[in-house]
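> need a structure here:
(2 chains, ligands or ions: 1)
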Amino acid sequence: MVKSLNTFKELKDVCEKNNLKIWQVTQDYEAELAETSVDEIRTIVKKSLVAMKEAIKTGLTSKEMSISGMCGDDCDRLQKRFLVEDSIFGRTFEKITTYALATVEENLRMGKIVACPTAGSCAIVPSVLVGVAENLNISEEEQLNALITVGTIGRIISNKVALAGAVAGCQAECGVASAMSAGALTQMRGGDINQILNAVALALKNLLGLTCDPVCGLVEIPCVKRNPFLAIHAVTASELALAGIETKIPIDEVVDALAQTGQLMSPMLKESSQAGLATTKTALALKDKLFK
Amino acid sequence: MKQSSIIDIISPIMVGPSSSHTAGAVRLGLLAKNIYNAVPKKVTFKLYNSYAQTGKGHGTDKGLLAGVLGLGVDDVRIRNIFESDIAKSIEYEFQYFEDFNRHPNAVDFIFEGERNLKISGNSVGAGEIEITKINDFSVNLTGKYNTLLLVYKDVPNMISRVTNSIHVNIASFHCDRSAKGQDASMCITVDGEINQKVIDFLSLIDDVYMISYIKKLES
Ligand code: SF4
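Residues are numbered from 1 along each chain as shown, chains lettered A, B, ... in the order given. Below is the predicted model of the structure:
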């Protein structure tokens, strides 16, 4: 019986003591928890991976606008640019940013996506995982392992913070999505547990305080463009961690800081659209036009 | 501490745009429907705080209605639910409130029909939900377990009579009462299934006013 895995320290201890990877410890733990087999757990995880890839595929070919008409055609714009000019960061950057826009735009037109951890932040994990896996020829089994690690990181954070903009701001949605991606990417690239947890901490630390101030109360502005930005943020964190750069504040304490920052954040900046971008002159004009 | 699962983080597979405001709304609707367990004539949805302020833009109204009508969170018909034929089978109405004593994403369902029932719940993030009140009794339902709910007269030995009969492992147990000797409620979440015969048997106990077996959510 696995005892408890509620903090990153506990996770690390179990991994190191038994010489196992995060995904191995987690799939055993989850199978035991659900009284099922490891295969069954991997089948459920695979369903999410498949749905993520479908959303990317559908999103890449659609230009349909959201119901509000504010967003929906930026993925097309980005793809067109990369056809004529390469990104300064190369093909992986191109894939991650276009896949992120493809997925997040699919979400706002009420298409089918995987909330990971939430719908507004649904594009960060798939764009990083799938974009990198395609470019580095990473096997499906390795992608599943990465997605299990994504879930593990999110689960441990969610023990202390509800992953909802309305409760703790966007740091708990896109911020956590970016941190989960950073850890999983580091694993896919062969990082050890210290490097993985450093990547998570580095990504999260640099997103503390991120508010949730959606314009017109819709999951569109700033959510859509925030997804490709924070997908790349995850890559930065992973690269630093793989170089052996360490967080001075341990990951569990960073999560405490996240929770505290979420509590102290004004309710006006937590999905209620009462401040920030949502009450700028232009946002209010958009709102007038939309709800007239 | 309650054991959470990685599956909660990498799911649900759902139609957008918001896990708390769209998928959470569908799941609240589905669970409320399972609790009511009949076809209502009319449902009034009371939306509070963030659900009231930003609900329309997130399709919260569509989600709540779709759930009450039995659609899953990944059903692409949600998008056009108001125009669909399935929505013509019942009457419905939406009302909007501000009440900071309530959760940011709170909703009341007022079911009218063969029996009337008021069900209150919250969308607590990442598509997760909780039903906190049925009529005036506090309960704690998340849709993750099959649940037996009883409303009964507060008399001694009721709890042991029930728990001795159900023959399944209990995951959680929650009791509430209006006052000593008055109405009381018992909310038991279980692993596995409770036999229908057991439920029929329990419903024969004199002091049981209402018994309801609420299925866990598949969506
Ligand atoms: S800004 Fe708010 S609604 Fe948009 S993704 Fe972030 S938390 Fe979600």
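> Buried residues, stretch A:125-144. List them.
Neighbour counts over stretch A:125-144 (16 or more other CB atoms under 10 Å in any protein chain shown) mark A:125-133, A:138, A:142-144 as buried. All C-beta spots, glycine's among them, are computed from the backbone N, C-alpha and C.
> Please narrow the residues you listed to those residing in helices.
A:125-133, A:142-144 (DSSP state H).
> need the buried residues of stretch A:125-144 in JSON lines with pLDDT and distance to residue A:180, can you?
Listed next are the buried residues of stretch A:125-144 as JSON lines, based on pLDDT from 0 to 100; distance: CB to CB, whole Å:
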{"residue": "A:125", "pLDDT": "98", "distance to residue A:180": "6"}
{"residue": "A:126", "pLDDT": "98", "distance to residue A:180": "11"}
{"residue": "A:127", "pLDDT": "98", "distance to residue A:180": "12"}
{"residue": "A:128", "pLDDT": "98", "distance to residue A:180": "9"}
{"residue": "A:129", "pLDDT": "98", "distance to residue A:180": "10"}
{"residue": "A:130", "pLDDT": "98", "distance to residue A:180": "14"}
{"residue": "A:131", "pLDDT": "98", "distance to residue A:180": "15"}
{"residue": "A:132", "pLDDT": "98", "distance to residue A:180": "14"}
{"residue": "A:133", "pLDDT": "98", "distance to residue A:180": "15"}
{"residue": "A:138", "pLDDT": "98", "distance to residue A:180": "17"}
{"residue": "A:142", "pLDDT": "98", "distance to residue A:180": "16"}
{"residue": "A:143", "pLDDT": "98", "distance to residue A:180": "14"}
{"residue": "A:144", "pLDDT": "98", "distance to residue A:180": "15"}
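> which residues of chain B fall in strands?
Ranges of strands within chain B are B:13-15, B:42-48, B:91-97, B:106-112, B:117-125, B:128-134, B:137-141, B:146-153, B:170-177, B:183-190, B:208-214, based on DSSP state E.
> Does the helix or strand encompassing residue A:27 pack against any helices or strands, and if so which?
In the assignment (DSSP states H and E), residue A:27 maps to helix A:22-33. Helix A:22-33 sits against helix A:8-18, helix A:38-61, helix A:140-158, helix B:6-9, with contacts defined as 3 or more CB pairs under 8 Å, 6 or more residues apart in numbering or on different chains; DSSP states H and E.
> I'd like the ones you listed as JSON lines, with distance to the ligand appended.
Compiled in JSON lines, the helices and strands packed on helix A:22-33 are given as follows (distance: least, CB to the nearest ligand atom, whole Å):
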{"stretch": "helix A:8-18", "distance to the ligand": "23"}
{"stretch": "helix A:38-61", "distance to the ligand": "16"}
{"stretch": "helix A:140-158", "distance to the ligand": "14"}
{"stretch": "helix B:6-9", "distance to the ligand": "15"}
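> Those: which one's closest to residue A:228?
helix A:38-61 (12.2 Å; CB to CB).
> so how far is that closest one from its chain's centroid?
Distance of helix A:38-61 from its chain centroid, counting by CA atoms, centre = their mean, to the nearest Å, is 15 Å.
> go on, stretch B:116-129?
6 Å.
> just stretch A:135-150 next, same as before
Chain-centre distance of stretch A:135-150: 15 Å, with CA atoms, centre = their mean.
> That one near chain B at all?
Yes. For stretch A:135-150, a contact with chain B is found by CB under 8 Å from any CB of the partner chain, at A:147-148, A:150.
> can you dump the C-alpha coordinates of that stretch into PDB?
This file holds the C-alpha atoms of stretch A:135-150, laid out as PDB (Å, rounded to 0.1, in the frame of the first residue of the first chain):
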ATOM      1  CA  ASN A 135       9.700  16.900 -33.500                       C
ATOM      2  CA  LEU A 136      11.800  14.500 -31.400                       C
ATOM      3  CA  ASN A 137      10.000  11.300 -32.500                       C
ATOM      4  CA  ILE A 138       9.000  10.400 -28.900                       C
ATOM      5  CA  SER A 139       6.900   7.200 -28.700                       C
ATOM      6  CA  GLU A 140       3.300   7.100 -27.700                       C
ATOM      7  CA  GLU A 141       4.200   5.200 -24.500                       C
ATOM      8  CA  GLU A 142       6.600   8.000 -23.500                       C
ATOM      9  CA  GLN A 143       3.900  10.600 -24.300                       C
ATOM     10  CA  LEU A 144       1.500   8.700 -22.000                       C
ATOM     11  CA  ASN A 145       4.200   8.600 -19.300                       C
ATOM     12  CA  ALA A 146       4.500  12.400 -19.700                       C
ATOM     13  CA  LEU A 147       0.800  12.900 -19.400                       C
ATOM     14  CA  ILE A 148       0.800  10.800 -16.200                       C
ATOM     15  CA  THR A 149       3.400  13.100 -14.800                       C
ATOM     16  CA  VAL A 150       1.400  16.100 -15.900                       C
END
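> neighbouring contacts of it?
A:21-23, A:26-27, A:41-42, A:45-46, A:48-49, A:91-92, A:95, A:116, A:125, A:129-130, A:132-133, A:180-181, A:183-185, A:187-189, A:196, B:6, B:9-10 (CB atoms under 8 Å, 6 or more residues apart in numbering or on different chains).
> Mind checking which of these are buried?
A:21-23, A:26-27, A:41-42, A:45, A:48-49, A:92, A:95, A:116, A:125, A:129-130, A:132-133, A:180-181, A:183-185, A:187-189, A:196, B:6, B:9-10.
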